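> Curious how this folds, go ahead:
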Amino acid sequence: MTQINYVFQKIPYEKQTERVGRLLKEAEAVLIGAGAGASAAAGLTYAGKRFTENFGEFIDKYGKMNMPDMYVAGFYPFPSQEARWGYWSKHSMMNRFLPPALPLYLQLYELVKEKDYFVLTTNVDHQFYKAGFAAERIFATQGDYGMIQCEKGCHCKIYDAETLFRRMDETRKDCLIPASMVPRCPVCGGDMAMHLRVAQYFVEDENWHAAAERYRLFLENVMTKKTVLLELGVGFNTPGITKYPFWRMVHERKNVEYICINNKEIHVPEEIKDRAICIQADIGEVLRYF
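Next comes the predicted model:
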């Protein structure tokens, strides 16, 4: 697939969902590739009412232009570490610790739990773990809202921040946490950061590498199995993690089928169109068919 010619499928919705149901029922193995669109469909939206109702103090303090939604707010150049962790502790509570396992993820688990499954996700909200997916069958490539690391990645270790974030959330005043709660790197003494892949200092610790190896072994073990690649809410911010590898697998393996569900505009390479289904719709609505 050196030169990619894209096609847009124009197949009736009912026929698409019927085929999806059949493929998932017949599949021996299912590889789920999940992006931000999956959690948005589940209810973890970063904008609109959910943002304005929960982050009003931040919007008032820093301005609507600087805080239009949770995603953009995360890139704001906060004037101090007290301000920075004031925001991120709230963000983490809202998207990682407070939400229960959401119905979409519970439904997805019921759909694949009897299969040989694996999850490859760029999401950092822990929803797959909460819904019952086995930890050893998940590779969360981009980090975890519940963990922190040295900002400069001076050592290869990450730290559980749940207790710290809960305390920050309880004591925050005027969008600021107490100076005594600002985390410092235990090795170099420098600033700490969220464990998110936003810079070259992202820490890939031993657990990250172990998950990457389990993913590699899963791909190796399903070489001869009837396999479905189920891509949910994946956009083109990081297509090299999920979308392009999925397309390549379908192209190279005749026992693999590709299902893509996304409410944004979607397309598929012409070379794999006969073994691909692309549904432009709400993920939760589609999954309810099965």
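
> CA only for contacts and neighbour counts going forward, please
Fine.

> hey, where'd the helices end up in this structure?
Secondary structure of the chain (DSSP state H): helices located at 13-26, 36-42, 48-54, 56-62, 70-73, 81-92, 103-112, 127-130, 162-171, 206-221, 243-252, 283-287.

> Make TSV out of those and add mean neighbour count and mean pLDDT.
Formatted as TSV, those follow (neighbours: other C-alpha atoms under 10 Å; pLDDT from 0 to 100):
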stretch	mean neighbour count	mean pLDDT
helix 13-26	15	91
helix 36-42	20	96
helix 48-54	14	98
helix 56-62	15	98
helix 70-73	17	97
helix 81-92	22	98
helix 103-112	17	97
helix 127-130	20	98
helix 162-171	17	98
helix 206-221	14	98
helix 243-252	17	96
helix 283-287	17	92
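
> can you put the ones you listed in TSV and add distance to His155?
Shown next, in TSV, are the helices of the chain (distance: least, C-alpha to C-alpha, whole Å):
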stretch	distance to His155
helix 13-26	42
helix 36-42	29
helix 48-54	34
helix 56-62	32
helix 70-73	27
helix 81-92	21
helix 103-112	34
helix 127-130	26
helix 162-171	20
helix 206-221	12
helix 243-252	30
helix 283-287	39
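
> pLDDT wise, what is Val198 at?
On the pLDDT scale, Val198 is placed at 90.

> Equivalent analysis for Tyr6, please.
According to the prediction, Tyr6 has pLDDT 51.

> what pairs with Thr121 across the strands?
Beta bridges link Thr121 to Ala34, Ala140, judged by DSSP bridges.

> got the contact list for Asn66?
Neighbour list for Asn66: 59, 72-73, 76 [criterion: C-alpha atoms under 8 Å, 6 or more residues apart in numbering].

> same deal with Gln107?
Taking C-alpha under 8 Å, 6+ apart, one finds 287-288 in contact with Gln107.

> on that earlier part again, using CSV, please lay out the contacts of Asn66 together with distance to Ala27.
Below are those laid out as CSV (distance: C-alpha to C-alpha, whole Å):
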residue, distance to Ala27
Ile59, 47
Val72, 39
Ala73, 41
Tyr76, 45
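
> Please identify which of those residues is nearest to Asp274.
Val72 (38.7 Å; C-alpha to C-alpha).

> Export stretch 181-198 to CSV, keeping only CA atoms.
Extracted in CSV, the C-alpha atoms of stretch 181-198 (Å, rounded to 0.1, in the frame of the first residue of the first chain):
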residue,chain,number,x,y,z
MET,A,181,1.5,19.7,47.8
VAL,A,182,3.5,20.5,44.6
PRO,A,183,5.1,17.2,43.7
ARG,A,184,8.9,17.1,43.2
CYS,A,185,10.9,14.5,41.4
PRO,A,186,12.4,12.2,44.1
VAL,A,187,15.6,11.7,42.0
CYS,A,188,16.5,15.1,40.5
GLY,A,189,14.3,17.3,42.7
GLY,A,190,12.8,19.0,39.6
ASP,A,191,9.2,19.5,38.6
MET,A,192,6.9,16.5,38.0
ALA,A,193,4.4,16.2,35.1
MET,A,194,1.4,14.2,34.1
HIS,A,195,2.3,10.8,32.6
LEU,A,196,1.1,11.8,29.1
ARG,A,197,2.9,11.6,25.8
VAL,A,198,3.1,15.3,25.1
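
> Would you mark the buried spots in that stretch?
Of the residues in stretch 181-198, 182-183, 185, 192-197 count as buried by neighbour count, 16 or more other C-alpha atoms under 10 Å.
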